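Colleague: Dropping a prediction and its sequence here:
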Amino acid sequence: MTGRLVDSMRTTFSATRVRNFRYFLIGMLVSNTGTWMQRIAQDWLVLELSHRSGLALGITAALQFGPQLVVAPIAGVVADRYPKRTVLFITQSSMMAITVLLGVLDLAGVVRLYDVYLLALALGVVASFDNPTRQSFVIEMVGRGDVTNAVGLNSAAFNLARIIGPATAGFMIAGIGTAPVFLVNAASYLAMLAALYRMRVDELHPAPRIPTERGQIRAGLRYLRERPDLLMVVVLIFFVGTFGMNFQLLNALMATTVFGK
């Protein structure tokens, strides 16, 4: 019984045998926890600055996540053309700088609603390049043999951060305000940058570099149109993301308007 349990655990965490992926998984867990903390703090700050306006909260979310609709195809091309580890260094550092600026403005008491709008937009644009690069980087760390397990662990770490981050942010906001939450999130990016720095480049499995050609985005869209199975997944994620994941708006408004907190 014990032997089967040990074998099961080894299978469940098989991708963690890869040193580079272990660093990546830990760094991503810390960074994603900070990101979820910021989402809660940002919502709360917007409500404070806008006198509890749901419209302002919706505008902020649209500015932060809207760029992915436009930038994501371009970001996919960038992820194919350039070393993913280098791209992640740039995106993670940029997001850290944006978060530091928001935290400093909030800490100084000079932050305005339009500052949050602008920084949310900047964060959304950079994240549009970070997300596809980070997700496609997984296979370069573990190879094709462990990619399924690595994707599963990646998803588990993301959802664990989604539990820890908001809860931690709630306690911090109640105790010391929103500004420290932004600064903690900025510091969390250091974990991911350290993980990228500590990786052994010679142990990566880089994908063949895609040559620069015109019409690559159109080719990608054409390939998607010719694959009904992939198109169905994209449509499904669109509807789930659009109509089923509005908790970012509802949670903060429910806390203020329904529970009076």
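Modeller: In hand now; what should we look at?
Colleague: contacts and neighbour counts: CA atoms only from here.
Modeller: Will do.
Colleague: Give me the phi and psi for V18.
Modeller: Note on V18: its backbone torsions stand at phi -80, psi 120 [degrees, to the nearest 10].
Colleague: Just give the number of residues close to it.
Modeller: Per other C-alpha atoms under 10 Å, the neighbour tally for V18 reads 16.
Colleague: cool, and Y114?
Modeller: Under the neighbour criterion other C-alpha under 10 Å, Y114 is assigned a count of 13.
Colleague: Moving along the chain from the helix or strand of the chain with the lowest mean pLDDT, name the first helix or strand you hit.
Modeller: Counting by mean pLDDT, DSSP states H and E, the chain has its least confident helix or strand at helix 2-12, which shows a mean of 54. As assigned by DSSP states H and E, the chain's next helix or strand after helix 2-12 is helix 19-49.
Colleague: Give me the helices and strands touching that following helix, please.
Modeller: For helix 19-49, the packing partners by 3 or more C-alpha pairs under 8 Å, 6 or more residues apart in numbering; DSSP states H and E come out as helix 54-65, helix 113-142, helix 147-176, helix 179-198, helix 247-253.
Colleague: how big is the angle separating the second one from helix 54-65?
Modeller: This points to helix 113-142. Helix 113-142 and helix 54-65 meet at an angle of 40 degrees, taking axes from the mean of the first three to the mean of the last three C-alpha atoms, to 10 degrees as the criterion.
Colleague: With the fourth one instead?
Modeller: Angle of helix 179-198 versus helix 54-65, following the same axes, to 10 degrees, is 10 degrees.
Colleague: Could you double-check that V184 sits in contact with G34?
Modeller: Yes - between V184 and G34 there is a contact under C-alpha atoms under 8 Å: 6.6 Å.
Colleague: neighbour-wise, which of the two wins?
Modeller: The neighbour count for V184 versus G34, taken as other C-alpha under 10 Å, is higher for G34 (27 against 20).
Colleague: For that one, which non-adjacent residue is spatially closest?
Modeller: Counting by C-alpha to C-alpha, 6 or more residues apart in numbering, N185 is the residue found nearest to G34 once chain neighbours are left out, at 4.1 Å.
Colleague: For L47, which of the helices and strands packed on helix 19-49 is the nearest?
Modeller: helix 54-65 (6.9 Å; C-alpha to C-alpha).
Colleague: And the host helix or strand of V71, how far out from the chain middle?
Modeller: Using DSSP H and E, V71 sits in helix 67-81. For helix 67-81, the separation from the chain centroid amounts to 15 Å (computed by C-alpha atoms, centre = their mean, to the nearest Å).
Colleague: got the angle between that helix and helix 113-142?
Modeller: Using the same axes, to 10 degrees, helix 67-81 lies at 30 degrees relative to helix 113-142.
Colleague: continuing past helix 67-81, what's the next helix or strand?
Modeller: Downstream of helix 67-81, the next assigned helix or strand under DSSP H and E is helix 84-108.
Colleague: helices or strands up against that following helix?
Modeller: helix 113-142, helix 179-198.
Colleague: I'd like to know which elements the last one is packed against.
Modeller: Based on contacts counted as 3+ C-alpha pairs under 8 Å, 6+ apart, the elements that helix 179-198 packs against are helix 19-49, helix 84-108, helix 147-176.
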